[in-house]
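S.K.: predicted model follows, preceded by the sequence.
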Amino acid sequence: MVDAVSNATDLNLMVAGARNLITDVPGVRVGNAHDKSIKTGCTVVTAEHPFVAAVDVMGGAPGTRETDCLDPERLVAEVDALVLSGGSAFGLDAASGVADTLRAAGKGFSIGPVTVPIVPAAIIFDLLNGGDKKWTTNPYRNLGIDALTDARRNFELGSTGAGFGATCANLKGGLGSASLILPSGYTVGALVVANPHGSAVVPDGKEFWAAPFEIDDEYGGLGSGDSQPLRTPSNEKMAAYEAMANTTLVIVATDAVLNKSQAHRLAVASQDGIARAIVPAHTQYDGDLVFAMSTGTREIVDAQRDFVALGHAAAVCVSRSIARAVYHAQAMPDDILPSWAQQFSGAE
């Protein structure tokens, strides 16, 4: 059994999916929307059919909606979409737009003649990132609608969706994703909004903490050496960062058939991916959490071996997704922090 588990968790035996995105998991779709003037956005993950989901929270400052129903002891068996949004508490309204749109399409949990879409959500704090926050009507409901309407298999990384206004220590954060196909045939993918209090790069360097897990130079092929100094933003620009209100949000998905308890254990295992890619992680200033979802199209064959491998693959995908989020972030006017490319590659 030890050899079987070792083989199942050997990264050399795993390959990235065709897109290297969470949508390599069959049936999964991702939609993004953002508002350039506000410097914020929303990301929606949905699937062809309702799916099993669970959540694990390790940050000290989470902001969530409908996560209690994901507890294995609760009645709800499946959900219709997961929403990640900027905007702090205001951003939770994005889920209302998603729920209303799903209801209009006849999707949701049926109780007699009534249909109620189940749409858990979580938010990052991006209210001090340089955008115009003087709006009087909450913009997040419409951003949620637009993101759901945009749901598809191919999507961009970096400064898009809920990662549009994200920051990461001394650099811009963003939206990242990655996938793995296991030797057993299961597919695992992760989607991350990287907005942490901690850093995704090593001290005084451009290399990512997630370097040991990189596949095909997906975030520069830098390894873990040859650092160059990280230029410090001006004191004025750092004032917003020093507010210390952050969060890394994660969704991991698999086609393996999981119940809610198993999905929760997958979420727990995936938290390691945050800790390997961000230093420090899970602080009292972060709302770090992981949603785990199962589309349930591929039966588990060997419960011990396969489930260990799924958790390991999910954590690796999370680490890679965090690095890809920061690596692909784009410089924009009035940013309070530089992008990775701007800082280290001379990109404007």
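M.R.: Good, I have the coordinates.

S.K.: residues contacting A263?
M.R.: Contact analysis of A263 by C-beta atoms under 8 Å, 6 or more residues apart in numbering lists V52, A53, A54, A292, M293, S294. Placement of C-beta: from N, CA and C, glycine included.

S.K.: what's it sitting at in phi/psi?
M.R.: When read as degrees, to the nearest 10, the backbone of A263 gives phi -60, psi -40.

S.K.: which one of the contacts of A263 is nearest to V28?
M.R.: M293 (7.8 Å; C-beta to C-beta).

S.K.: quick check: bridge partners of the closest one?
M.R.: Assessed by DSSP bridges, M293 has beta-bridge partners A53, A253.

S.K.: for it, give me its contacts.
M.R.: Counting by C-beta under 8 Å, 6+ apart, M293 has contacts 28, 45, 47, 51-53, 79, 82, 251-254, 263.

S.K.: between those, which has the most around it?
M.R.: Among the contacts of M293, A253 has the most neighbours (other C-beta atoms under 10 Å), with 33 neighbours.

S.K.: that one is in contact with G27, isn't it?
M.R.: No - counting by C-beta atoms under 8 Å, A253 sits too far from G27 to count as a contact (9.1 Å).

S.K.: common neighbours of these two, please.
M.R.: Joint contacts of A253 and G27 (C-beta under 8 Å, 6+ apart) are T295.

S.K.: what secondary structure does the residue nearest in space to the middle of the chain sit in?
M.R.: Nearest to the mean C-alpha position of the chain, by C-alpha atoms, centre = their mean, lies V192 at 1.9 Å. Here V192 is recorded as strand under DSSP: H, G, I helix; E, B strand; the rest coil.

S.K.: show me where this protein has strands.
M.R.: 28-35, 40-57, 64-65, 79-85, 109-111, 114-116, 121-123, 167-168, 171-172, 174-181, 187-195, 247-256, 289-298 (DSSP state E).

S.K.: winner for burial among the ones you listed?
M.R.: Comparing the strands of the chain by mean neighbour count (mean count of other C-beta atoms under 10 Å), strand 187-195 comes out on top with a mean of 31.

S.K.: could you give the angle of it to strand 289-298?
M.R.: Relative orientation of strand 187-195 versus strand 289-298 (axes from the mean of the first three to the mean of the last three C-alpha atoms, to 10 degrees): 160 degrees.

S.K.: any idea of the angle strand 187-195 forms with strand 174-181?
M.R.: Using the same axes, to 10 degrees: strand 187-195 against strand 174-181 is 160 degrees.

S.K.: what sits opposite the residue nearest to the centre of the chain in the beta ladder?
M.R.: Here V192, judged by DSSP bridges, has bridge partners G176, V250.

S.K.: the nearest residue to S159 once chain neighbours are set aside and P120, how far apart?
M.R.: Take S159 and drop its neighbours on the chain: the residue closest to it by C-beta to C-beta, 6 or more residues apart in numbering is Q330, 4.2 Å away. Distance of Q330 to P120, given as C-beta to C-beta, to the nearest Å: 29 Å.

S.K.: and if you look at Q342?
M.R.: Q342 is 35 Å from P120, by C-beta to C-beta.

S.K.: which one of those two is surrounded by more residues?
M.R.: Using other C-beta under 10 Å as the criterion, Q342 and P120 rank with P120 on top: 22 against 19.

S.K.: P62 is in contact with the more buried one, correct?
M.R.: No - taking C-beta under 8 Å as the definition, P120 is not a contact partner of P62, at 11.9 Å.

S.K.: the nearest residue to G17 once chain neighbours are set aside: neighbour count?
M.R.: Among residues not flanking G17 along the chain, D24 sits closest, at 2.8 Å (C-beta to C-beta, 6+ apart). D24 has 23 neighbours, counted by other C-beta under 10 Å.

S.K.: surely D24 and T187 touch.
M.R.: Yes - taking contacts as C-beta under 8 Å, D24 lies within contact range of T187: 5.5 Å.

S.K.: list residues touching both of those two?
M.R.: G17, S179, I181.

S.K.: any idea what the last one is bridged to?
M.R.: With DSSP bridges as the criterion, the beta-bridge partners of I181 are V15, T187.

S.K.: now it: how far from C317?
M.R.: 11 Å.

S.K.: identify the residues contacting V316.
M.R.: L11, M14, L180, F213, G273 are the contacts of V316 under C-beta under 8 Å, 6+ apart.

S.K.: ok, now how distant is it from I274?
M.R.: Counting by C-beta to C-beta, the separation of V316 from I274 is 12 Å.

S.K.: so who does V290 touch?
M.R.: With C-beta under 8 Å, 6+ apart, V290 has these contacts: V55, D56, V250, I251, V252, A267, V268, S270, Q271, I274, V318.

S.K.: quick check: the last one touching A269?
M.R.: No - in terms of C-beta under 8 Å, V318 does not count as a neighbour of A269; the distance is 9.5 Å.

S.K.: who's more crowded, these two?
M.R.: V318 (32 against 22).

S.K.: show me the contacts for the nearest residue to that one once chain neighbours are set aside.
M.R.: Excluding the flanking residues, the one nearest V318 by C-beta to C-beta, 6+ apart is G273, at 2.6 Å. Going by C-beta under 8 Å, 6+ apart, G273 touches A190, V250, A314, A315, V316, C317, V318, S319, S321, I322.

S.K.: ok, those vs D71, which is closest?
M.R.: V250 (18.1 Å).

S.K.: measure stretch 183-197 end to end?
M.R.: Length of stretch 183-197, first residue to last, C-alpha to C-alpha, to the nearest Å: 35 Å.
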